[in-house]
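Participant: Here is my input, please return the structure:
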Amino acid sequence: MNILILGCGGQVGWELQRSLAPLGHVTACDFDTPGSLKADFSQPEALRALVAQVQPGLIVNAAAHTAVDKAESEPELARAINATAPGVLAEEAARLGALLVHYSTDYVFDGGGDQPRSEDAPTGPLSVYGHTKLEGEQRIRACGCSHLIFRTSWVYAARGGNFAKTMLRLAAEREALNVIDDQIGAPTGAELLADVTAHAALRVLAQPELAGTYHCAAGGSTSWHGYARFVIEHARATGMALKVPADAVHPIPTSAYPTPAQRPLNSRLATHKLQQAFGLVLPEWQSGVRRMLTEHLGR
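Facilitator: Presented below is the predicted three-dimensional model:
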């Protein structure tokens with residue numbers, strides 16, 4: 001089977017090249033990753049020729065406009081990448097009879113309440129990013145192709161920058177940190193998403209009735225403040241020299257740190273549908289973060 005990965009230079013796309021390799025011949029594409037075929041999502045129609053060239057049985061779209069604040073000032077580009085391009089891929093998947101895997105976000109919800117959102121919960125995005133990601137989902141469903149849409153939250157990876165690495169850098173430089181404590185979600189590793197993708201895609205190719213929209217996030221939940229505290233305490237326990245005292249990581253509300261794009265306060269996603277459909281157990285968020293930190297710190 002030919003497999004086409006789009007967005008191979010991103011956190012999830014990088015891990016997908018590993019997790020999907022045993023399933024077939026992988027062609028990895030991105031806008032500017034050396035050695036990959038070019039896939040310019042700002043020109044969605046150009047993607048048709050790429051799909052025709054590869055003739056995939058599985059298309060996995062890990063490309064997205066994820067600069068949430070920047071999207072507020074460039075909504076047309078965000079829409080081309082997050083909505084129009086996935087729609088084109090869905091049309092091409094339908095034409096080929098291929099399975100399309102696409103990643104969406106908790107930002108399709110309004111962030112109200114304090115309970116995990118199920119897949120059929122009412123949507124209500126607060127930002128351009130959230131609106132365009134929701135439109136991408138809708139275009140895929142409307143096309144009628146066989147698809148898996150995975151909504152996830154707070155994605156990180158050992159490769160590249162992430163929140164944990166930023167916290168460690170700041171903790172080594174500063175004597176106090178202020179971190180938001182009223183946004184709640186589950187830090188989710190790109191590694192976990194890639195592994196779930198490989199498992200679920202293989203199942204759907206054999207059992208098409210399992211196709212659909214699923215929430216995929218690590219178990220449990222925390223705030224950004226709780227996440228920062230966990231990261232800093234783990235690093236300190238491994239012997240990393242940090243300037244900030246344990247009691248100087250201060251919680252602050254979202255209102256104290258205004259941004260162009262409004263963030264959802266409740267990013268909890270209910271994942272029982274995914275776990276039941278595919279026989280999976282999603283580990284607690286701490287286990288993935290701990291593993292990432294061990295790799296990053298080399299301890």
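Participant: Pretty sure residue 210 is one of the things residue 278 touches, is it not?
Facilitator: Yes - at 7.3 Å, residue 278 and residue 210 qualify as touching, with contact defined as CB atoms under 8 Å. Where you see a C-beta, it was placed from the backbone N, CA and C, and this is true even at glycine.
Participant: joint contacts of those two?
Facilitator: 200, 203 (CB atoms under 8 Å, 6 or more residues apart in numbering).
Participant: which residue packs closest to residue 53, ignoring adjacent ones?
Facilitator: Leaving out its chain neighbours, the residue that sits closest to residue 53 by CB to CB, 6 or more residues apart in numbering is residue 37, at 8.0 Å.
Participant: Can you check the pLDDT for the one you found?
Facilitator: Looking at residue 37, its pLDDT is 70.
Participant: what about the strands in the stretch 151-299 of the chain?
Facilitator: Ranges of strands in the stretch 151-299 of the chain, per DSSP state E, counting those that start in this stretch, are 155-156, 177-180, 184-185, 188-189, 212-215, 222-223, 249-252.
Participant: My guess is the residue nearest to residue 53 contacts residue 47. True?
Facilitator: No - with contact defined as CB under 8 Å, residue 37 does not reach residue 47; the gap is 10.9 Å.
Participant: When the two are compared, which one has more neighbours?
Facilitator: residue 47 (25 against 15; other CB atoms under 10 Å).
Participant: Could you list the low-pLDDT ranges of the stretch 151-299 of the chain?
Facilitator: Scanning the stretch 151-299 of the chain for pLDDT under 70 picks out the ranges 299.
Participant: which of the strands of the stretch 151-299 of the chain sits most buried?
Facilitator: Counting by mean count of other CB atoms under 10 Å, strand 188-189 has the highest mean neighbour count of the strands of the stretch 151-299 of the chain, with a mean of 25.
Participant: Show me what that strand pairs with in its sheet, parallel or antiparallel.
Facilitator: strand 155-156 (parallel) (DSSP bridges).
Participant: quick one, phi/psi of residue 6?
Facilitator: Here is the backbone geometry of residue 6 (degrees, to the nearest 10): phi -110, psi 140.
Participant: Is residue 147 in contact with residue 104, as I believe?
Facilitator: No - contact criterion CB under 8 Å: residue 147 and residue 104 do not qualify, at 11.1 Å.
Participant: all helices for the protein, in order.
Facilitator: 11-19, 47-54, 68-71, 75-79, 85-96, 128-143, 163-173, 190-206, 224-237, 272-278, 285-297 (DSSP state H).
Participant: between those helices, which one is nearest to residue 218?
Facilitator: With CB to CB as the criterion, residue 218 lies closest to helix 285-297 of the helices of the chain, at 3.9 Å.
Participant: Would you mind naming the residues that bridge with the nearest residue to residue 252 once chain neighbours are set aside?
Facilitator: The shortest distance from residue 252 to any non-neighbouring residue, by CB to CB, 6+ apart, is to residue 178 (4.7 Å). Note on residue 178: beta-bridge partners by DSSP bridges are residue 250.
Participant: how far away is residue 178 from residue 197?
Facilitator: 36 Å (CB to CB, to the nearest Å).
Participant: Please apply the same query to residue 219.
Facilitator: From residue 219 to residue 197 the distance is 18 Å (CB to CB).
Participant: Show me which of the two is the more surrounded one.
Facilitator: Ranked by neighbour count (other CB under 10 Å), residue 219 and residue 197 place residue 197 first, with 25 against 16.
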